[in-house]
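Enquirer: structure of the sequence below:
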Amino acid sequence: MIKAGKYRANVFNHDLREKNEKVFCIVTFKIIESGELINWFGSFSEKASEYTVKQLTVLGFKSEDVFDLVRLKDNGEIAPIQMNTGKTWELVIENTPNLSGVIGDRVRYINDPEAPRVAAGLSRESMRARLPGFSIKADVMKIANESDDIPF
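Expert: Alright, predicted model coming up:
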């Protein structure tokens, strides 16, 4: 089991599977520091398919045909990987129980370490100019003054 935390990893493999009449994809990552492999699962259920397609696109999957995720073809040939294997991703790994209660590792988030952060490069003065009059302390004090249920 991989300890919970953040890890740098590359796409190693991908596939498309079916279980209990549900179709899902698997993207296998190889952790750079240890060489360990971990799978991310994307569902094509009604609720999750939009997120799964978005994540596959971010990972570099460019095909219009989801069946291109299958690498082992019917004729026995192995198709090339359809994602960017050279890019480094930041995986956020959690240790959570499965349906049987057994603790295991899972990829919770796949982050692009090269993506700009929300407040990247903004100075304190620039942030204040963008958020005029915003004060967490003032808002908390206002709520406290309006409430008679303060326990102290």
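
Enquirer: okay, CA-based contacts and neighbour counts for the rest of this
Expert: Fine.

Enquirer: show me where this protein has helices.
Expert: Assigned by DSSP state H, the helices in the chain fall at 49-58, 124-130, 136-146.

Enquirer: which pLDDT value goes with residue 17?
Expert: Residue-level confidence at residue 17 comes out at 92, pLDDT.

Enquirer: wait, I meant residue 11
Expert: Looking at residue 11, its pLDDT is 96.

Enquirer: how many residues are close by it?
Expert: By the criterion of other Cα atoms under 10 Å, residue 11 has 24 neighbours.

Enquirer: who does the closest residue to residue 14 other than its chain neighbours form a beta bridge with?
Expert: Using Cα to Cα, 6 or more residues apart in numbering and skipping residues adjacent in sequence, the residue nearest residue 14 is residue 27, 4.3 Å away. Beta-bridge partners recorded for residue 27 (DSSP bridges): residue 14, residue 40.

Enquirer: begin at 48, not 1, for the rest of this chat.
Expert: Sure, I'll start numbering at 48, so the last one becomes residue 74.

Enquirer: give me the mean pLDDT for stretch 132-140.
Expert: On average, the pLDDT along stretch 132-140 is 94.

Enquirer: and the contacts of that stretch?
Expert: Stretch 132-140 has contacts (Cα atoms under 8 Å, 6 or more residues apart in numbering) with 49-59, 152-160.

Enquirer: go again using 7 Å as the cut-off
Expert: Contact with stretch 132-140 is made by 51-59, 152-160, as judged by Cα atoms under 7 Å, 6 or more residues apart in numbering.

Enquirer: which of those are buried, as a ChimeraX select command?
Expert: The ChimeraX command for the buried members of the contacts of stretch 132-140 (criterion: 16 or more other Cα atoms under 10 Å) is given here:
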select :51,53,54,55,56,57,58,59,152,153,154,157,158
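
Enquirer: coming back round to it: right, and the residue nearest to residue 61 touches residue 63 too?
Expert: No. Judged on Cα atoms under 7 Å, residue 74 makes no contact with residue 63 at a distance of 9.0 Å.
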